[in-house]
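Participant: When you get a sec, could you give me coordinates for this:
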Amino acid sequence: MVNGNDVGQRGLTPGEFTRETLPSRPGLKDVAGQLWHGFVRQHAAFKIACFYLIFEYNRPHQIWPVLDFLPWAQVLLISGLLLTALDPEARKPRPGVIVLLAAFALAMILSTAFAYSTQTAMLSWHIWLSWIFVVVFLTREVSTRERVLLFVFVYYLVNLKMAQHGFRTWAGRGFGMAGWGVTGSPGWFANSGEFGMEMAMLVPLLGAHLLVIRKRMNRPVLLAGAFFLAMVIGSVIASNSRGALLGLAVAALWLLASSRRRLKALVVLAIATMAVIAVIPEETLRRFDTAGTDLTSQSRLTYWKYGIEAVHENPVFGMGLQNWVPYLTDRHPEAFEVTGRIEVIHNTYLQVATELGLFGLAIFVATLAYVFRLNAVTAAKATARGDPWLSTTATGLNGGLVVYLVTSFFMAVLLYPYLWLLLAMSAACASALKNDHLSLPASGDRPDLLGALRT
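Facilitator: Now for the predicted structure:
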């Protein structure tokens, strides 16, 4: 075991892993033990942050009604924020994050003040306000390299819950396509398109981490990770979402572009692409043949045309949150004749422009640019410090961002978790790199899982 003197000599802090030295290639039991040991030693505020992610993403209280006696997400968020004041490892959010969140709040307030229907806009205040608190909470608590590792693991668990359900449902259909795609947990991912988008955004991060651990973990760990990745990709296919499949292709290209051995990566990508195409149901492939002419495409083109008109009518502050449906219903009832129904605008960029105006769109674009640059800087610095795991975490998050840029063109998901969690996790990686540099010796020689993931 690592004693108190070893902790002082190695520069470890009390909250970090202190189990016995791992074997050269840890197995599933070693990894699970290290993760559990690290989790139980964390402050209560960080544990609540992890449980919040579970309840926000998987909604266990909706799956098992016996748990549905509290508004769990709200209770966990508020209690966690209060407890951060008692956590010695909590850190202030980065100034850039605070500026962006304040700008978003201002855009929401102004768009509500000038809304087409102020009452409708007010109905969504609790959603965007909660995301601001979530980003502040997570960037305060996920503040060290160890906590990033643990939080990413919990993030994988909540997605694994949905991926195994999606893959199992697809397998139950004989890997064919029913009249609808598979879905994820209740709540944010109950729609097949949003579920497929979440799975596609996970591919760059998971793929990058598998590359990091391939020479550091034993074969069962690699097989478990590969099977997880296969279920994620299978869930994207089973979602029957053209946008999600396009996002999957972008994720593969991102992994290729970020690889140091591009020739080898190109061969692997080519083989994987052929395998994926081979298992895509024929009905899903036919949907690409009708892209632009089918009812779904025609309805979205109609929405986008009226959305551009709405931006011209309300250019600065927009028409207010969630005002698109009442606006289109009142101003362009003929849209119902084309689409057969009135839905969301199915384009996040136009959603922001119509609801928050060009002012809000500028903040949205600035947030995307900030996340990308922050991760790029973190990846470069982590590589220079011999930290491939943290470097690939930042690179994988940027890959998820690129997938988001593409898939969000076909979905209206501003108030969904995607962007907000990307912002929080990207800021957490940058904070962890800074704190890790201050607390660890230059060699990075660690007797635990964190050391196994370091050069």
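Participant: list the buried ones in the longest helix along the chain?
Facilitator: For the chain, the helix with the greatest residue count under DSSP state H is helix 348-384. Under the neighbour-count criterion of 16 or more other Cβ atoms under 10 Å, helix 348-384 has 348-357, 359-361, 363-364, 367-368, 370-372, 374-375, 378-379, 381-383 buried. The C-beta positions use only the backbone N, C-alpha and C, and glycine is treated the same way.
Participant: Also stretch 145-165?
Facilitator: 145-152, 154-156, 158-159, 161-165.
Participant: Alpha carbons of that stretch, as CSV, please.
Facilitator: What follows is stretch 145-165 as a C-alpha-only set of coordinates in CSV (Å, rounded to 0.1, in the frame of the first residue of the first chain):
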residue,chain,number,x,y,z
ARG,A,145,-7.4,14.5,-13.3
GLU,A,146,-8.7,11.8,-11.1
ARG,A,147,-12.2,13.4,-11.1
VAL,A,148,-12.2,13.7,-14.8
LEU,A,149,-11.4,10.0,-15.1
LEU,A,150,-14.2,9.1,-12.7
PHE,A,151,-16.7,11.4,-14.3
VAL,A,152,-15.9,10.1,-17.8
PHE,A,153,-16.4,6.6,-16.5
VAL,A,154,-19.9,7.5,-15.1
TYR,A,155,-20.6,9.2,-18.4
TYR,A,156,-19.7,6.0,-20.2
LEU,A,157,-22.0,4.0,-17.8
VAL,A,158,-25.1,6.2,-18.5
ASN,A,159,-24.5,5.8,-22.2
LEU,A,160,-23.8,2.1,-21.8
LYS,A,161,-27.2,1.7,-20.3
MET,A,162,-28.8,3.2,-23.4
ALA,A,163,-26.4,1.6,-25.9
GLN,A,164,-27.1,-2.0,-24.6
HIS,A,165,-30.8,-1.3,-24.7
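Participant: Quick check: the gap between E56 and V134.
Facilitator: 8 Å (Cβ to Cβ, to the nearest Å).
Participant: same deal with E337?
Facilitator: Between E337 and V134 the computed distance is 40 Å (Cβ to Cβ).
Participant: Same question for V40.
Facilitator: For V40 relative to V134 (Cβ to Cβ), the value is 24 Å.
Participant: Between the two, which has more neighbouring residues?
Facilitator: The residue with more neighbours, out of V40 and V134, is V134; 23 against 8, by other Cβ atoms under 10 Å.
Participant: residue contacts, the more buried one?
Facilitator: 52, 56, 77, 420-421, 424 (Cβ atoms under 8 Å, 6 or more residues apart in numbering).
Participant: rerun that using 10 Å as the cut-off
Facilitator: Taking Cβ atoms under 10 Å, 6 or more residues apart in numbering as the criterion, V134 is in contact with 49, 52-53, 56, 73, 77, 80-81, 417, 420-421, 423-424.
Participant: ok so, going back, next step: the buried residues of stretch 145-165 restricted to helices.
Facilitator: 145-152, 154-156, 158-159, 161-165.
Participant: Tell me where the model's unsure across the stretch 1-150 of the chain.
Facilitator: 1-23 (pLDDT under 70).
Participant: helix or strand right after the helix or strand hosting V402?
Facilitator: For V402, the host element (DSSP states H and E) is helix 388-407. Once helix 388-407 ends, the next helix or strand along the chain (criterion: DSSP H and E) is helix 417-439.
Participant: Provide a list of residues in contact with the nearest residue to V371 once chain neighbours are set aside.
Facilitator: Closest residue to V371 apart from its sequence neighbours, by Cβ to Cβ, 6 or more residues apart in numbering: S426 at 4.9 Å. When contacts are counted by Cβ under 10 Å, 6+ apart, S426 touches 94, 97, 139, 370-375, 378, 393-394, 397-398, 400-401.
Participant: swap in Y156?
Facilitator: 163, 202, 205-206, 209, 225, 228, 232.
Participant: Out of those, list just those in helices.
Facilitator: The helices, defined by DSSP H, take in 163, 202, 205-206, 209, 225, 228, 232 from the contacts of Y156.
Participant: Between all of those, which two are separated the most?
Facilitator: Spatial extent of those (Cβ to Cβ) is set by the pair A163 and H209 at 14.9 Å.
Participant: What are the phi and psi values at I280?
Facilitator: Backbone torsions of I280, given as degrees, to the nearest 10, read phi -70, psi 130.
Participant: From what I see, it and S239 are in contact.
Facilitator: No: applying Cβ atoms under 10 Å, one finds I280 not in contact with S239, separated by 11.4 Å.
Participant: quick one: which of those two has more around it?
Facilitator: Neighbour totals were compared for I280 and S239, and S239 leads with 31 against 17 (other Cβ under 10 Å).
Participant: What values do phi and psi take at the more buried one?
Facilitator: phi -70, psi -20.
Participant: cool, L123 as well?
Facilitator: According to degrees, to the nearest 10, L123 has phi -70, psi -20.
Participant: Likewise for the one 3 residues further on?
Facilitator: As for H126, its main-chain torsions (degrees, to the nearest 10) stand at phi -70, psi -20.
Participant: how close does it get to L397?
Facilitator: Taking Cβ to Cβ, one finds H126 at 27 Å from L397.
Participant: When those two are compared, which one has more neighbours?
Facilitator: Between H126 and L397, L397 has the larger neighbour count (other Cβ under 10 Å), namely 27 against 10.
Participant: rewinding a little: so what sits against both of E56 and V134?
Facilitator: Residues within reach of E56 and of V134 at once, by Cβ under 10 Å, 6+ apart, are 73, 77, 417, 421.
Participant: pretty sure the last one is touching V152, no?
Facilitator: Right, the one you point to is L421. No: using Cβ under 10 Å as the test, L421 is too far from V152 to be in contact (11.2 Å).
Participant: Can you pull the residues that touch both of the two?
Facilitator: Both L421 and V152 are in contact with L397, where contact means Cβ under 10 Å, 6+ apart.
Participant: What residues does R287 make contact with?
Facilitator: 177, 240-242, 245, 281, 294, 296-297.
Participant: For it, give me the pLDDT.
Facilitator: pLDDT for R287: 76.
Participant: State the helix or strand in which it lies.
Facilitator: helix 282-289.
Participant: So which bits of that helix are buried?
Facilitator: 284, 287.
Participant: Helix, strand, or coil at E343?
Facilitator: coil (DSSP: H, G, I helix; E, B strand; the rest coil).
Participant: And it, how close does it get to V325?
Facilitator: Counting by Cβ to Cβ - E343 and V325 are separated by 7 Å.
Participant: cool, P417 as well?
Facilitator: Counting by Cβ to Cβ, the gap from P417 to V325 is 22 Å.
Participant: Between these two, point out the one with more neighbours.
Facilitator: Higher neighbour count among P417 and V325: P417, with 19 against 13, using other Cβ under 10 Å.
Participant: I'd say the more buried one and F189 touch.
Facilitator: Yes: with contact defined as Cβ under 10 Å, P417 and F189 form a contacting pair (9.0 Å).
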